[in-house]
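In: Sequence and computational prediction follow.
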Amino acid sequence: MKYISSRGEGEMKIVDDIRARAIEYTATMRMAMSDSKYALPEASLRLPFDRALYEKSATLASKLRSESLNYVINIGIGGSSLGAQAVYEALFGVLDRYNPFAPKMLFAESCDQSILSDISEIILNEVEKKEEIIVVIGSKSGTTTETIMNASIMVGALHKKFGSIGDRVVCITEEDSPLWSVGKEQGYSLLPIPKMVGGRYSVFSPVGVFPLLAVGLDMKLLLKGAEEELHDCIDQGVESRAFCAAFDIFEWNKKGINIFDIFLFHPELESFGKWYRQLFAESLGKDTTIEGETTTPLLVPTVSIGSTDLHSMEQMHLAHPRATARTLVRVNAPHWDHNAVVHERAIASLVPGVLDREPRQIMDAIYEGVQKTYDTRGVRYAEIELPDISLQTLGALLQFEMCVVMHLANLLHIDAFNQPNVEEYKNVVREILGKGELKSSE
């Protein structure tokens, strides 16, 4: 993986107090990486190295997997779902549902009646025995409203068809959470999320690792990529990829840029973009500093897909080039070979230079055109070059973004690990549900 800043080589000028702060924080990250007790807020940095925790997921996945397994139903929302979904869709592509491979992962996130009905219909119509399914219920708190509702509906429907399905249900939550207690009572399998690991940082915990193991992926490769990126972050310090990216965003924000777009030139990375958006927004969207002062920086994460969003958003970005900074993400090689070449002449003749080209060559030309236009218009941007879309590369990319956000929060003097404002609406929802104050949707 390579990070390239448009400011150029050797142009990162760090004042002494920021350098000292970054070096001190890197030492904190190093301690968290080695802390088997998960005591520090940066506890997620320990996860790629925690072999005992990994083995819990691997052992259970091996026990529940079989040749008859067709579906892994992943019930969760936000950090308890997006990490696994990002990896799954990056590897299997946006048309996975049309491919004959099994098992497949189905995601039940929001309280959407049509999606729940569709998943239920697929399972109840296509699954003939309970060994064909694994139900994963992921919730850090064990009380996430959407997750608990979806899990209740799904488990209830399966119970009605198959009778007892406790041996096919896996609860992934904080130990001794309400979900953990109910799962224990019902005879479900249990996997822990360490208490200090927040949902948006939990992709390398069982909530991300187990579902992907269940569909047959080699998670050791994902964790290996994360380990390598962490060593770069910690060993290289202020020269690391992660700190350079964080410093770019910090400097751009000081110059008045508020919107930070991750521009992914691969549609299969769209769910990764949503994972990044949550990580960035929940970690950096704070109204007070760690010293209790009101914050002034505003950083808004957005996600774009190339080249699709060049035809929907680019007019605005180019008309206001100082409003948005972008990180362009591209892969140097596809993860499987394609043989598509433009040979048909009549339609191809409508655009000079298309004939006898591969789609990748066209995309390369578009990417270069975007870069040259940004240089001309003065758009701030950086690039992430990935060697491929593989488990190891994805592990490195996920860990890179988490380290970027941690460094950036440190530069901004904010807490990257709490989310106090989100709890406001959750408390109101629980109060409404508790009182039965529900309006009809009809």
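Out: Everything's here; your move. Residues are numbered from 1 along each chain as shown.

In: quick one: low-confidence ranges for this structure?
Out: Applying pLDDT under 70 to the chain flags residues 7-12, 334-338, 436-442.

In: Could you list the domains of it?
Out: Per the record's domain assignment (automatic domain parsing), the chain is made up of the domains 2-27+222-412, 39-217.

In: need those in TSV with distance to residue 435 and mean neighbour count, can you?
Out: The way it works is simple: take the backbone N, C-alpha and C, and place the C-beta from them, glycine included. Output for the domains of the chain, formatted as TSV (distance: least, Cβ to Cβ, whole Å; neighbours: other Cβ atoms under 10 Å):
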stretch	distance to residue 435	mean neighbour count
domain 2-27+222-412	28	17
domain 39-217	15	19
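
In: Identify the residues contacting residue 326.
Out: Residues near residue 326 by Cβ atoms under 8 Å, 6 or more residues apart in numbering: 260-263, 304, 317, 374, 379-382.

In: between the residues you listed, which is nearest residue 192?
Out: residue 262 (30.8 Å; Cβ to Cβ).

In: send the alpha carbons of the host helix or strand of the closest one over as PDB?
Out: Counting by DSSP states H and E, the element that carries residue 262 is strand 259-264. What follows is strand 259-264, C-alpha atoms only, in PDB (Å, rounded to 0.1, in the frame of the first residue of the first chain):
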ATOM      1  CA  ILE A 259     -15.400  18.200   3.500                       C
ATOM      2  CA  PHE A 260     -13.200  15.200   3.200                       C
ATOM      3  CA  ASP A 261     -14.200  12.800   0.400                       C
ATOM      4  CA  ILE A 262     -12.800   9.400  -0.100                       C
ATOM      5  CA  PHE A 263     -13.000   8.800  -3.900                       C
ATOM      6  CA  LEU A 264     -13.000   5.000  -4.500                       C
END
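
In: immediately after it, which helix or strand?
Out: helix 270-284.

In: Among the contacts of residue 326, which one sits closest to residue 289?
Out: Using Cβ to Cβ, the contacts of residue 326 come closest to residue 289 at residue 260, 19.4 Å.

In: I'd assumed residue 301 was in contact with the closest one.
Out: Yes. At 5.5 Å, residue 260 counts as touching residue 301 under the criterion of Cβ atoms under 8 Å.

In: Now do stretch 132-152: distance to the chain's middle.
Out: Offset of stretch 132-152 from its chain centre (Cα atoms, centre = their mean, to the nearest Å): 18 Å.

In: what do residue 260 and residue 301 both touch?
Out: residue 280.

In: Pairing partners for the closest residue to residue 304 other than its chain neighbours in the sheet, please.
Out: In this structure, residue 304 finds its nearest non-sequential neighbour in residue 263, 4.6 Å apart by Cβ to Cβ, 6 or more residues apart in numbering. Beta-bridge partners for residue 263, by DSSP bridges, are residue 304, residue 328.

In: so where does the residue of the chain most remote from its centre fall, helix or strand?
Out: The outermost residue of the chain, judged against the average C-alpha position, is residue 346 (42.3 Å), by Cα atoms, centre = their mean. Residue 346 belongs to helix 345-348 when assigned by DSSP H and E.

In: helix or strand right after that helix?
Out: In N-to-C order, the element after helix 345-348 by DSSP H and E is helix 359-377.

In: Quick check: residue 106 is in a strand.
Out: Yes. Counting by DSSP: H, G, I helix; E, B strand; the rest coil, residue 106 is found in a strand.

In: residue ranges of the strands in the stretch 51-200 of the chain, please?
Out: Using DSSP state E, counting those that start in this stretch, the strands of the stretch 51-200 of the chain run over 71-75, 104-108, 133-138, 169-173, 189-192.

In: which helices and strands sit right next to whichever helix or strand comes after the shortest one?
Out: Taking DSSP H and E as the definition, the helix or strand that follows strand 189-192 towards the C-terminus is helix 206-214. On a contact count with 3 or more Cβ pairs under 8 Å, 6 or more residues apart in numbering; DSSP states H and E, helix 206-214 meets helix 51-64, strand 71-75, helix 82-92, strand 133-138, strand 169-173, strand 189-192, helix 219-236.

In: would you turn the ones you listed into JSON lines with distance to residue 1?
Out: Listed next are the helices and strands packed on helix 206-214 as JSON lines, based on distance: least, Cβ to Cβ, whole Å:
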{"stretch": "helix 51-64", "distance to residue 1": "22"}
{"stretch": "strand 71-75", "distance to residue 1": "26"}
{"stretch": "helix 82-92", "distance to residue 1": "14"}
{"stretch": "strand 133-138", "distance to residue 1": "27"}
{"stretch": "strand 169-173", "distance to residue 1": "28"}
{"stretch": "strand 189-192", "distance to residue 1": "29"}
{"stretch": "helix 219-236", "distance to residue 1": "7"}
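
In: Let me know which of the ones you listed is the nearest to residue 403.
Out: Among those, helix 219-236 sits nearest to residue 403 (Cβ to Cβ), with 4.4 Å.
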